[in-house]
Structures are given as C-alpha cells and as structure tokens.
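>>> Predicted structure and sequence below. I'll ask about it afterward.
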Amino acid sequence: MVRLKDIARHAGVSVMTVSKALRDEPDVSAATKVRIKSLAQQMGYVPDSSAQGLRNRTTKLFGLVIPSSTNPIFARVIFAIEERAHELGYDVLLAHTHNLPAREEACIRRLLSRRVDGLFISPVYRFEAEARIYQEVLARQIPTVLIGPPAPFCKSFVSVETDEQGASFAATQHLLKLGHKRIAYLTGSPTAPWVHERFEGYRRALREAGLDVDDKLVFQAGNTIEDGTKAALQMLNESCGATAIQAVNDLVAIGCADALLSKGLRIPEDISLVGFGNILTAEYFRVPLTTIRQPKYRLGMAAVEAMMNLLKGQRVETKRLPAELIERKSTAPPRTAPK
C-alpha cells in the first residue's frame with residue numbers, strides 16, 4: 001500500500017507538504033500540488049477515508065433505507081441519490097426493510113453503527129403514532145430526509161414527495177373529460193399517507209364534477225400486481241357497472257389489466273384504465289398504460305439537496321414536486337353513454 005511518506009520520498013519533499021498538497025491547502029504552490037497529485041496518481045495512492053473521517057468527524061457515508069430495490073419506483077430514486085452523492089464525494093449504504101417495522105429498525109441501527117453522516121428513509125408506514133427508532137434518530141440529531149410523505153410517527157423530519165393529491169386529481173379529471181362517470185378506484189394500504197392523498201385527489205375530482213364517491217366502486221387492493229388481479233376479479237364479480245378504473249399505482253393497474261384481458265374484456269374499448277407511477281412496464285404493457293409520471297429522478301436529487309443543506313445547519317422545508325399525466329392507449333371515451 002502506498003503511503004504519504006512513499007510519495008514524499010519520490011517527490012523530495014516532507015510528508016507534511018504531501019499531505020497539504022493532496023488536501024489543496026493554500027500554503028503549497030500550485031506547481032507543487034500538480035506535481036505531487038500526479039505522482040500520487042501514478043503510484044496508485046488511495047486516501048485512507050477512515051483516517052480522514054476521524055480528523056473531520058465525518059464518514060462521507062449516507063444510509064439509504066427503502067422497502068425494496070425491486071420496486072421499480074425506487075430504481076430511479078436510488079440512481080439519482082447515488083449519482084449526486086458520488087459527485088459530492090459520498091458513498092451510499094443501501095438497506096431494504098421489506099416493509100417490516102422490525103427490519104426497518106434493525107437497518108437504521110446498523111447504519112447508525114456505521115456512523116453515517118445522514119439518512120434517507122422511505123418509511124415503513126404503520127398506524128402507531130410513535131416509533132422508537134425515529135425518536136432515537138431525532139434525539140441523536142442525525143440529518144434525515146424522508147422519501148415520501150411523513151406519517152405521525154415520523155412527522156418531525158423533512159421530506160421530499162410527489163404532489164400525490166394533485167396528480168391523482170388530474171388522472172380522475174382525465175377520465176371525467178372522456179365522459180366516464182362510473183369510475184372504479186383500486187386503493188392501497190390504509191397505513192400509507194400517499195394512498196390517502198391519491199384517494200382524496202380522486203374524490204375531489206368527482207366532487208368538482210358534481211359526483212359523489214360511490215362505495216360500490218371502491219375496492220381494496222394493495223401495492224402489487226397480484227393485489228391488482230384480485231381486486232379486478234372482485235370488481236367483475238360484483239358487477240359494479242364501471243366504465244373506467246383508476247388504480248393506486250402501476251403495478252396494481254397492470255395486475256388489474258391482466259385480469260380484465262383474461263376475461264375477454266378489451267382495454268380501452270370495454271373499459272378504460274389509469275395507473276400511477278409511470279414504471280417502465282407501463283409503457284410496454286400489452287396495452288400501453290395511461291398513468292402519472294412521478295418525478296422519481298428529481299425526487300432523488302431533491303433529497304440530496306435537502307440533505308446537504310441539513311449538513312450545513314440550514315433550515316429545510318418539505319419539498320413537494322408536481323407530477324404529469326401521460327396519456328397512452330388504455331383510456332378512451334366510454335363505449336356507450338353512461339346512464
């Protein structure tokens with residue numbers, strides 16, 4: 001392993017001069033800095049980050065806690081966080097919670113034991129008003145940015161999130177403008193604030209169109225393709241008379257579409273369908289899916305920006321980013337005018 005004294009011997013200068021040159025200290029000439037840095041690179045010198053951390057009381061590490069990287073929504077968020085963190089000289093330690101509170105606590109504790117400089121967390125939502133691990137993070141004053149809206153147990157932390165309600169409102173309004181009035185809604189887990197926000201957008205659009213939410217058109221789904229399939233089959237079994245369906249996310253929408261198509265229904269000729277998220281599969285599904293494009297990459301970049309401001313001791317406000325309706329082939333006017 002190449003050490004500072006090895007570079008100093010080859011450069012004919014002191015170890016202190018080498019150290020200052022590599023840290024860009026002002027009392028070393030520009031020419032000497034260039035010569036020493038070039039020599040260090042040629043010799044394959046790698047700085048000891050742990051030693052630097054002891055000096056600076058930083059580790060240049062961020063912890064990123066998410067449900068699962070197999071969730072396509074998080075792929076772009078992870079990419080953006082890692083990309084920006086890399087530019088800023090930080091590494092990212094990734095941990096998966098699988099939406100289990102106990103595992104989330106274990107993941108956060110392990111990251112804290114690694115002395116990360118900050119945490120990015122997509123919370124495991126639950127009904128409880130308090131969660132011990134979040135209280136501990138708050139007490140330790142660890143800079144923390146939530147990815148997604150806060151719930152009561154994590155309301156003290158800054159977050160970056162999508163304008164869920166506004167985006168869902170736009171999706172429902174799109175179906176209303178096409179002439180649909182019997183719009184079924186496949187909702188998600190009741191513990192997640194973003195699920196409630198999306199449902200509120202649906203409800204608000206109906207209300208502004210002079211319509212009430214019909215409980216017979218609301219079906220409990222979840223977050224997965226399998227959940228969407230089950231909810232669609234239940235909807236068909238109950239013959240609710242929907243001419244369009246709005247799903248809480250793209251995975252649920254794809255599961256729903258698969259069930260509808262397997263039963264011989266045509267999309268959008270017999271029934272229209274809207275998702276939420278704009279995952280890659282949505283565009284390349286058998287019937288390209290009309291959906292909401294979440295600003296996934298921008299959410300990741302905004303999260304790092306918020307983190308850097310927290311590290312500087314600045315006051316940071318929650319950031320809510322707008323989303324965009326993407327119209328594809330899964331929506332069209334109803335086949336017959338609704339009664």
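Here it is on my side, so go on.

>>> Domains in the protein, by residue range?
Domain assignment for the chain, taken from automatic domain parsing, gives 4-47, 59-163+296-322, 164-294.

>>> for those domains, which one ends up most surrounded?
For these, the largest average neighbour count (mean count of other CB atoms under 10 Å) is found in domain 164-294, namely a mean of 20. From N, CA and C alone the C-beta is placed, and that goes for glycine too.

>>> Now find how far off-centre that one is within its chain.
Chain-centre distance of domain 164-294: 21 Å, with CA atoms, centre = their mean, to the nearest Å.

>>> can you list the domains of the chain in a markdown table and add distance to residue 335 and mean pLDDT?
Shown next, in a markdown table, are those (distance: least, CB to CB, whole Å; pLDDT from 0 to 100):
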| stretch | distance to residue 335 | mean pLDDT |
| --- | --- | --- |
| domain 4-47 | 66 | 87 |
| domain 59-163+296-322 | 32 | 95 |
| domain 164-294 | 6 | 96 |
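
>>> Mind checking those for the one nearest to residue 332?
Smallest distance to residue 332 across the domains of the chain (CB to CB): 3.9 Å, for domain 164-294.

>>> thinking again about what came up before, take the domains of the chain and lay them out in CSV including distance to residue 329.
Compiled in CSV, the domains of the chain are given as follows (distance: least, CB to CB, whole Å):
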stretch, distance to residue 329
domain 4-47, 53
domain 59-163+296-322, 20
domain 164-294, 5
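
>>> Tell me which of the ones you listed lies nearest to residue 334.
domain 164-294 (4.1 Å).

>>> Now the terminal residues of that closest one, how far apart.
End-to-end distance of domain 164-294 (CA to CA, to the nearest Å): 9 Å.

>>> And for stretch 189-197?
First-to-last distance for stretch 189-197 - CA to CA - comes to 12 Å.

>>> ok so, going back, go through the domains of the chain and name the closest to residue 331.
In terms of CB to CB, the element of these nearest to residue 331 is domain 164-294, at 4.2 Å.

>>> Residue 76 - nearest residue in space that isn't next to it in sequence?
residue 296 (3.7 Å; CB to CB, 6 or more residues apart in numbering).

>>> residues in contact with the one you found?
Contacts of residue 296 were listed using CB atoms under 8 Å, 6 or more residues apart in numbering, and they are 73-77, 80.

>>> from those, which ones fall inside helices?
Among those, the members found in helices (DSSP state H) are 73-77, 80.

>>> Reformat the residues you listed as JSON lines; add distance to residue 316.
What follows is those, written out as JSON lines (distance: CB to CB, whole Å):
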{"residue": "73", "distance to residue 316": "23"}
{"residue": "74", "distance to residue 316": "22"}
{"residue": "75", "distance to residue 316": "25"}
{"residue": "76", "distance to residue 316": "22"}
{"residue": "77", "distance to residue 316": "18"}
{"residue": "80", "distance to residue 316": "18"}
